[in-house]
Each structure stands twice: as structure tokens, then as C-alpha cells.
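Peer 1: just coords:
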């Protein structure tokens, strides 16, 4: 069980780390800072409470005793996670069984286990008159237990937001995970730093696909197919720089839905953690996975690649969970893999909430308009020095976060209680991913939205005051399109809650990402068609000769 507690601790810490400013130091420091800023046991308390809740629900659903559930739960987890699970079940299992059989609810169990230290922070209504006290031996166990090391073996490898396996140091990788080719186009020659997606082909050897778009070789006259099919085609890359929404953050709902948990539920746990719980390969900016009925996928990049097959693999997703405007300049934008000699890009700068969603539960910690302006200008100056000419920057505004509470507060969270209780519980522990919007206090919600609206006005100021100063790119601004896609969705017969990630109650879900991709494509086609580049009339020839161009 306690391994399950640890698993959900990992999940909750990753979720809650969206409150912490992303920095160039390690994710370990970010997670430590989050835990230090928490109260009542923080993420460990929440993880324990969720884990015990699921154990109790599994017991009821399958009509099994708690000790029986504990005996089999570790088999649900992969590899080393299962081994860790076995250890904690042996260590904590007897105490869990004792507390549950005496009528304690999950909050009370975790208080007895010393994961939780503030009885007023409760996810569940009190079910009995039991007054649990931290068990002394459990307090000593907590002092000895360090839950961070196992998680860090994965997270430390992506703490600098660069591919973990990149043998030629060109910021592209041949493997998908750990900031690899799910995040940036696949490196087709990871032993050659002169070969990478998005470069202008030098054609030193036509047999070498030096920009990894799957087009190589030459015709009978010795002219390279790259020149014949792609030169002067208006090819360009697609890049998103921003936060967890751009990276497409998702905690699988079945992880926290007891009725859906089975031996296959957590089989991809390690894979999901190696992706930081993000799905850039299925997101609305850089997704490239095939679309299916169960998992529809559409993205701006996917449409750019279909428009001009020479754009194949030319994408980068620099979305980072928890990124605020200051972090973009400090630690994220320096990982951009583009030089002025490469192909131009369509770059989205999206920061939908972390500048108001501070990890500190106070309105004073929100980014001010002056700070926001300076942070964005520093990022634009970096882009001016590093982007190719004829590039385009699209600003995406902060969200209207009021929709979260208005839509979800009285609905039931996958764990089994109303979102209002979940929000209040996370706020009590100081680990909410967005205190200002996920809050039962209307005054706080409206104050957060007022600041978000003020920050959005900064983009217009920048475009008016500085637009003529940038020679490498032009700029456009669009509101975060959630309201627009909700309107479309409702016209299709859907409801707003169906577009929000159910576990965190905050991020746009898979369908919302599809609708956002369509929104941006349609509006850019209408208002800024030059941002998208022309349709390549030689696409049919490319497909006939090179098929899927090596895939992804």
C-alpha cells in the first residue's frame, strides 16, 4: 500500500510543482521547496489519503478484506515499484489493517501513520468519533523514510529540460522519452551534430538526410531531392514554449478511479513519469501520434507537416510543468534548438496560469504586470538573437480560470468526493496547483482573474511599443481559446466539464487539445496565412517516393 502512497506522492508532487517557479537547478530542489512550503504533511499526506481511499474502495468493490487487497496490490505495479511496494506493505500493512478495522477513515488512517499532521485538513467527512493520534513507531518510521530518491532517478535526468540521451549534443535525441523525440523531432543521426531537424540542408552529400525530414538522394542529373522537392517551398518548424498546458499534462483518470483499477492500470507508470506526466506527442501544439476514435489527436504541427511534407519532424515542445514567465527566460528558452541559419519557425509562447497560480497561498506572490513585461521582453530579445528571419511568434494569453470552479465545484472527482472538498483539502495542505482559481473563496478567485486579465494586456503593449524593433519575427496575440472551444463543443452537444482533465481539475484534456489545434489553425489561416507557409505542390511526389519519411 505504501508504495501506492509513494506512487501518488510522485503524481501529486508533479502536479503541485506547477505552483513552483521552474528553475535551472534540479527538480529535486523544486520538489523539496514544494514540500517545505506545504503544511499538515503536504504531498505525503495527500498521497497517503488517496492511496488508503483507493484501498478501501477496492475492498468494497471486490468484496475483499483490506489484508487481501494489500496482499495483491503490489502485483499491479511494474518492476522496481513493485519491490518498493512489497517493502512498505510489510512495514505499514498491519497498522493500516488495524486502523481501518476499527472504523478509521482514510484521513484518520494517515494521521495515525504520521503522514498527516493536521486533523483539520480532511478529504473525507468524519465517519466516526475516532480520535487517531500519530503512532510513535510510525513517527520514527517517517523520520527514517526518504521517498525522493527513487523518483529522482527519473526526474533528475530531465531537470535541465534537455534530452537525456543526446550523444552529439545538438539538443535532439533518437529515443522518445526523457525529453527525447516525443518532445523534439527525432534525431536521425545522433552521432553527428550537423544533422538535426529544422536545419537548412547543405547538400554536401545528397545521400545524407541532414535535416531528418526523410528526404534524401538525388535524381539522374545529380540534383538532390531535397532541393527539387523542398527548396523554396516555404518549409518551417513549429515550436511551443511555455507551461504544462503546452506540454499537455495529464494524470490518467483510471489511476484514481477504484472501479477502473486492475493489473494493467499502472503498467505504463514508469513511462509516464519519464514524460513528466506530459503528452507532448498527443498535444494540440506538437502532437504527431495517429488519431483514433478513442484518442483523437490533432495539432498545429501535424497540420503544418501535412501542408508541406518537407516540415516532417520539424517541431519542438519546450513546455515545462510549472513554468512562469521568469522561468521561460531563465531556464527554458536557452534549450531552444534553433540558429539564425536554420529554417524559420512558427513559435507559440503560451503561459496560461502559473504567473497567477503561485505556490504561495497569497495574492502578493502573483507576477506583476511590470515583472511580466520585463520577462517577456527578455525572452523576445533572446528569440531575436537566435531565430531565423521570417519567423513568427504567437502569444497565447492567460486563461479565464473562473470556469474551473464554476464548472466543477459540485461535480464528483474520480477519487469519490466533490471537487470543492478536493480544492479545500489541497489548499489546507498548501499544495494546490492553483490556489487562486481552485478556491471556494470567490474574492480570491476574482482577484486572481483580475491579475490574469492585467497580464494579458501586457502582450498588446509589447506589440505596440516594440513590434518594429524585432527583425527576425513578427507577432500576433490570441486569448487562450478555452471559451471559444467550449462554445464549439456545446454546439456539438458536449458539456464544459468534458474538456477539463478530471484528476487535476485544471488542465485542458485530450479533446480540448484537439479543439484548440483546430481553433489556432483556422484563425491563423484566416488572419495570418503567411505564418503557416504555402501548400507544397510536390507533396504527392514526396509521399510516392518516401512514404512515411521514416516516421517518428
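Peer 2: The structure has been received and is ready for your questions. Quick caveat, the model's predicted, so the values are computed rather than measured.
Peer 1: can you name the farthest residue from the center of this structure?
Peer 2: residue 221 (48.2 Å; C-alpha atoms, centre = their mean).
Peer 1: ok, it - contacts?
Peer 2: Contact analysis of residue 221 by C-beta atoms under 8 Å, 6 or more residues apart in numbering lists nothing. From N, CA and C alone the C-beta is placed, and that goes for glycine too.
Peer 1: distance of it from residue 194?
Peer 2: 25 Å (C-beta to C-beta, to the nearest Å).
Peer 1: burial measure for the closest residue in space to residue 269 that isn't next to it in sequence, as a count.
Peer 2: Nearest non-adjacent residue to residue 269, counting by C-beta to C-beta, 6 or more residues apart in numbering: residue 78, 5.9 Å away. By the other C-beta atoms under 10 Å criterion, the neighbourhood of residue 78 contains 12 residues.
Peer 1: Let me know the pLDDT of residue 78.
Peer 2: If you check residue 78, the pLDDT there is 89.
Peer 1: what do you get for residue 37?
Peer 2: Reading off the per-residue confidence, residue 37 sits at a pLDDT of 62.
Peer 1: And residue 90, by the same measure?
Peer 2: With respect to pLDDT, residue 90 scores 85.
Peer 1: And it, which helix or strand is it part of?
Peer 2: Element membership of residue 90 [criterion: DSSP states H and E] is helix 79-101.
Peer 1: For stretch 228-238, buried residues please.
Peer 2: For stretch 228-238, the buried set under the neighbour-count rule, 16 or more other C-beta atoms under 10 Å, comprises 229-230, 233-238.
Peer 1: wait, which of those is closest to residue 452?
Peer 2: Taking C-beta to C-beta as the measure, residue 238 is the one of these closest to residue 452, at 25.9 Å.
Peer 1: just checking, that closest one touches residue 300?
Peer 2: Yes: with contacts counted by C-beta atoms under 8 Å, residue 238 reaches residue 300, the gap being 5.6 Å.
Peer 1: For this structure, give me the ranges with low pLDDT.
Peer 2: Scanning the chain for pLDDT under 70 picks out the ranges 1-37, 127-155, 359.
Peer 1: can you tell me which helix in it is longest?
Peer 2: For the chain, the longest helix by residue count, based on DSSP state H, is helix 442-466.
Peer 1: by contact count, what packs against it?
Peer 2: Here helix 442-466 is seen to pack against helix 369-386, helix 402-408, strand 473-478 when contacts are counted using 3 or more C-beta pairs under 8 Å, 6 or more residues apart in numbering; DSSP states H and E.
Peer 1: From the contact counts, what lies against the following helix or strand past the shortest one?
Peer 2: This means strand 473-478. Elements were assigned by DSSP H and E; along the chain past strand 473-478, the next helix or strand is helix 482-491. Under the contact criterion of 3+ C-beta pairs under 8 Å, 6+ apart, helix 482-491 touches helix 402-408, helix 510-527.
Peer 1: Redo the ones you listed as JSON lines? Include mean neighbour count and distance to residue 122.
Peer 2: As requested, the helices and strands packed on helix 482-491 are exported to JSON lines (neighbours: other C-beta atoms under 10 Å; distance: least, C-beta to C-beta, whole Å):
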{"stretch": "helix 402-408", "mean neighbour count": "19", "distance to residue 122": "20"}
{"stretch": "helix 510-527", "mean neighbour count": "19", "distance to residue 122": "31"}
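Peer 1: what's the closest of those helices to residue 50?
Peer 2: helix 402-408 (17.6 Å).
Peer 1: and that closest one, what does it pack onto?
Peer 2: The criterion is 3+ C-beta pairs under 8 Å, 6+ apart, and the helices and strands that helix 402-408 contacts are helix 442-466, helix 482-491.
Peer 1: Please name the nearest non-neighbouring residue to residue 192.
Peer 2: Setting aside the residues directly before and after it, residue 192 is nearest to residue 168 in space (C-beta to C-beta, 6+ apart), at 5.8 Å.
Peer 1: returning to what we had before: for the helix holding residue 90, name the packing helices and strands.
Peer 2: Checked by 3+ C-beta pairs under 8 Å, 6+ apart, helix 79-101 has helix 2-16, helix 42-61, helix 66-73, helix 106-112, helix 136-144, helix 269-274 packed alongside it.
Peer 1: Just checking the distance from it to the centre of its chain.
Peer 2: Here helix 79-101 shows a centroid-to-chain-centroid distance of 30 Å under the convention C-alpha atoms, centre = their mean, to the nearest Å.
Peer 1: buried sites along it?
Peer 2: Of all the residues in helix 79-101, those buried under the rule 16+ other C-beta under 10 Å are 81, 84-86, 88-89, 92-93, 95-97, 99-100.
Peer 1: Tell me who's in contact with the residue lying closest to residue 528 once chain neighbours are set aside.
Peer 2: Spatial nearest neighbour of residue 528, excluding adjacent residues (C-beta to C-beta, 6+ apart): residue 476 at 5.6 Å. For residue 476, the contacting residues are 392-395, 524, 527-528, 531, taking C-beta under 8 Å, 6+ apart as the criterion.
Peer 1: Sounds good, over and out.
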